[in-house]
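**Q** Build me a model:
(2 chains)
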Amino acid sequence: MLQHYGPQLINLFAAVLLLLSFAMLTQRRILSLINLYAAQGLVLCLSTALVAWLTGQTHLYGSAALTLALKVVGLPWILHILIRRLNVKWDVETLINIPSMMLVGIVLVILAFNLALPISQLAGTVTRSTLGIALACVLLSFLMMITRSKAVPQVIGFLSMENGLFFAATGAVYGMPMVVEFGVALDVLVGALILGIFMFQIRERFDSVDTRHLEKLKEH
Amino acid sequence: MLSLQGLVSQFAVLALAVLLAPMLTGWVNQCRAWLQNRSAPGLLQPYRVLTKLFSKEVVLAHNASPLFRSAPYAIFGCLALAAAIVPTLGTDLPLNAAADAIALVGLLALARLFIALAGMDVGTAFGSLGARREMLVGFLAEPALLMVLFTASLISSSTSLATIVQTLAHREFVIYPSMAFAGVAFTMVSLAENARIPVDNPATHLELTMIHEAMVLEYSGRHLALIEWAASLKLFVYSCIGLALFLPFGVAGPGDWVGLLVAMPVLGVKLAVGGFLLALIETLSAKMRIFRAPEFLGTAFLLAVLAMLVHVLLEG
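**A** Numbers count the residues shown, from 1 in each chain, chains lettered A, B, ... in the order given. So this is what the prediction gives:
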């Protein structure tokens, strides 16, 4: 039963992941942004566990558990503490207005699907058609980082980009070796911590976490 | 070919839609009142309002043109025809050959055109304000609705609603991720098109932000009754399109008499659940500023386009 619907369910998870990426792109509130990031982590964890079950790749269970611990519980918790300390819960306007950002997003998705089509035909995995969606998630997170001026949404964009990469790895080659995965997970955790400290420094220097102020730092 | 069963199911669909539409509105109002801790009006309240309005005399403005007088009939006719096309009980509908999903959107647009023209006809400020807002919402909602219908058409390779329902209901169960996207988009479009809460408030005609009520302020008597009836019918039609696309189970195939009888209670249950969910959405969300409506409908359009893209990538 599940063997039959498994690939379809993975496709469904991939579609939900893309939907969440778009939701993050158009979300104004930082608090909801963090919750969406946690939801994305949960979907990622479920789809990884499902791939592990379908293909019998036991090491993928490990990375699913790692995803659950780090991306659903750990990082959102750190981010929640961060925004409480920084006191930045209010709405943040994006640099481009949201309808035009959605149109740019659609163009990115088409681009990603086209790019991934020849690659996914080479892959022999059951999940190969999700590669395009993973690539689209990466590009959408990129777009989110570019179009936000505040530091916290930029960090969330960075973290969500890693989600997209992780999904691409699961989809194309059934995940990376465990050592690499641990390395990446540690990198993301340390990256988030360093960026957190960095944000405090920005605020101390400029009384705001708007990264546009950083432009003042260049020499004339 | 006209078959006896086709004729029977065609008349049943039309009669059911026209007669049951006010009850659906009444049910949604009742659920909403319950959810908001108010004592609810009866399920038959819309019928009582309609009877009252039909027995009242029509008061017309001095400068009302014949268009103003004929618009309610045209609107009601358009929506009744639209209701006759959507396969709610059986897929063997003789009228279905006349119009596919695109023509259905056209019929709904025609009704909107008439109500907007009638709103501007008398020349009051409220009327033209409402008409402009209605056209704003309409021109943003229509492409999204078309995209949703195209996604379903791509899956079943036909734009005829009966064929879509036939394909989706009577074959092996498959999970379509694209239909999940299309479902969310369709919900957003129907909320906007039926003047429901995130976009418009159906419960009041005393607000500056109203859309639908602003256009029909000048109507009275049987004209107003027809317009109210047509509004209920529109909600019914949208609910039925949603059921046909996303929950097409329990609809009778051609030549299936028993299925036709079973389809009626199934439809009733589905509509009751759908109406409750609508009331839930309306209770949980706050009305947004009119300038946020383009963003809301833009999101619906985006989701519908994504549905098509996801279909091409994952299900192609």
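
**Q** Hmm, A:Ala169 is touching A:Pro177, no?
**A** No - shown here, A:Ala169 and A:Pro177 do not form a contact pair, counting by C-beta atoms under 8 Å, at 10.2 Å. (Glycine included, C-beta is placed from N, CA and C.)

**Q** These two: which is more packed in?
**A** A count of neighbours by other C-beta atoms under 10 Å in any protein chain shown puts A:Ala169 above the other of A:Ala169 and A:Pro177, at 19 against 9.

**Q** Contact partners for that one?
**A** By C-beta atoms under 8 Å, 6 or more residues apart in numbering or on different chains, the contact list for A:Ala169 reads A:Gly175, A:Met176.

**Q** Could you measure from it over to B:Val137?
**A** Here the criterion is C-beta to C-beta, to the nearest Å. By it, A:Ala169 lies 43 Å from B:Val137.

**Q** ok and the residue in the stretch 151-300 of chain B nearest chain A?
**A** B:Pro177 (3.4 Å; C-beta to the nearest C-beta).

**Q** I figured that residue was touching A:Leu12, is that so?
**A** Yes - look at B:Pro177 against A:Leu12 with C-beta under 8 Å: they come within range, at 4.6 Å.

**Q** Spit out the residues that contact these two alike.
**A** Contacts common to B:Pro177 and A:Leu12, judged by C-beta under 8 Å, 6+ apart, are absent.

**Q** quick one: pLDDT of residue 181?
**A** I'll assume chain A. You'll see A:Glu181 listed with a pLDDT of 78.

**Q** wait, chain B
**A** 88.

**Q** Tell me which residue is most central in chain B.
**A** Central residue of chain B (C-alpha atoms, centre = their mean): B:Tyr238, 2.8 Å from the mean position.

**Q** check contacts around A:Phe166.
**A** The neighbours of A:Phe166, taking C-beta under 8 Å, 6+ apart as the test, are A:Leu44, A:Thr48, A:Ser63, A:Thr67, A:Val184.

**Q** Please give the number of neighbouring residues around A:Arg205.
**A** Per other C-beta under 10 Å, the neighbour tally for A:Arg205 reads 12.

**Q** which residue packs closest to it, ignoring adjacent ones?
**A** Distances taken as C-beta to C-beta, 6 or more residues apart in numbering or on different chains place A:His213 nearest to A:Arg205, at 7.8 Å, with adjacent residues excluded.

**Q** Wait, a strand at the one you found?
**A** No - going by DSSP: H, G, I helix; E, B strand; the rest coil, the assignment for A:His213 is helix, not a strand.

**Q** What is the least confident helix or strand in chain B?
**A** Lowest by mean pLDDT, DSSP states H and E among the helices and strands of chain B is helix B:161-169, with a mean of 86.

**Q** Out of the contacts of A:Phe166, which is nearest to A:Thr94?
**A** A:Leu44 (24.5 Å; C-beta to C-beta).

**Q** Name the helix or strand for the closest one, please.
**A** helix A:30-55 (DSSP states H and E).

**Q** So which elements touch the least confident helix or strand of chain B?
**A** helix B:101-121, helix B:125-156, helix B:221-246 (3 or more C-beta pairs under 8 Å, 6 or more residues apart in numbering or on different chains; DSSP states H and E).

**Q** Run the angle between that helix and helix B:125-156 for me.
**A** 50 degrees (axes from the mean of the first three to the mean of the last three C-alpha atoms, to 10 degrees).

**Q** between helix B:161-169 and helix B:221-246, what angle do the directions make?
**A** Going by the same axes, to 10 degrees, helix B:161-169 makes 40 degrees with helix B:221-246.

**Q** got the residues of chain A near chain B?
**A** Neighbours of chain B within chain A, by C-beta under 8 Å from any C-beta of the partner chain: A:5, A:8-9, A:11-12, A:14-16, A:18-19, A:22, A:26, A:98-99, A:102-103, A:105-106, A:109-110, A:113, A:129-130, A:132-133.

**Q** Which members of the residues you listed are positioned in helices?
**A** Within the residues of chain A next to chain B, residues falling in helices by DSSP state H are A:5, A:8-9, A:11-12, A:14-16, A:18-19, A:22, A:98-99, A:102-103, A:105-106, A:109-110, A:113, A:132-133.

**Q** May I see the buried residues of the helix holding A:Leu44?
**A** A:30-31, A:33-54 (16 or more other C-beta atoms under 10 Å in any protein chain shown).

**Q** can you check stretch A:184-193 too?
**A** A:Val184, A:Ala185, A:Val188, A:Leu189, A:Ala192.

**Q** Show residues contacting it.
**A** Contacts for stretch A:184-193 (C-beta under 8 Å, 6+ apart): A:Leu66, A:Leu70, A:Gly74, A:Leu75, A:Ile78, A:Leu79, A:Val155, A:Phe158, A:Leu159, A:Glu162, A:Phe166, A:Met176.

**Q** and the residues you listed, which of them are in helices?
**A** A:Leu66, A:Leu75, A:Ile78, A:Leu79, A:Val155, A:Phe158, A:Leu159, A:Glu162, A:Phe166.

**Q** Out of these, the closest to B:Glu218 would be?
**A** Of the ones in helices among the contacts of stretch A:184-193, the one sitting nearest to B:Glu218 (C-beta to C-beta) turns out to be A:Leu79, at 54.0 Å.

**Q** Check that closest one and give its pLDDT.
**A** So, for A:Leu79, pLDDT stands at 87.

**Q** how far away is the closest residue to it other than its chain neighbours from A:His80?
**A** Leaving out its chain neighbours, the residue that sits closest to A:Leu79 by C-beta to C-beta, 6+ apart is A:Ile34, at 4.8 Å. Noted for A:Ile34: a distance of 6 Å to A:His80, by C-beta to C-beta.

**Q** Specify the local secondary structure of B:Gly250.
**A** Here B:Gly250 is recorded as coil under three-state DSSP.

**Q** how close does it get to B:Leu191?
**A** Taking C-beta to C-beta, one finds B:Gly250 at 25 Å from B:Leu191.

**Q** Apart from its neighbours in sequence, what residue is nearest whichever residue of chain A sits closest to chain B?
**A** Nearest residue of chain A to chain B (C-beta to the nearest C-beta) works out as A:Ala15 at 3.4 Å. Excluding the flanking residues, the one nearest A:Ala15 by C-beta to C-beta, 6+ apart is B:Pro177, at 3.4 Å.
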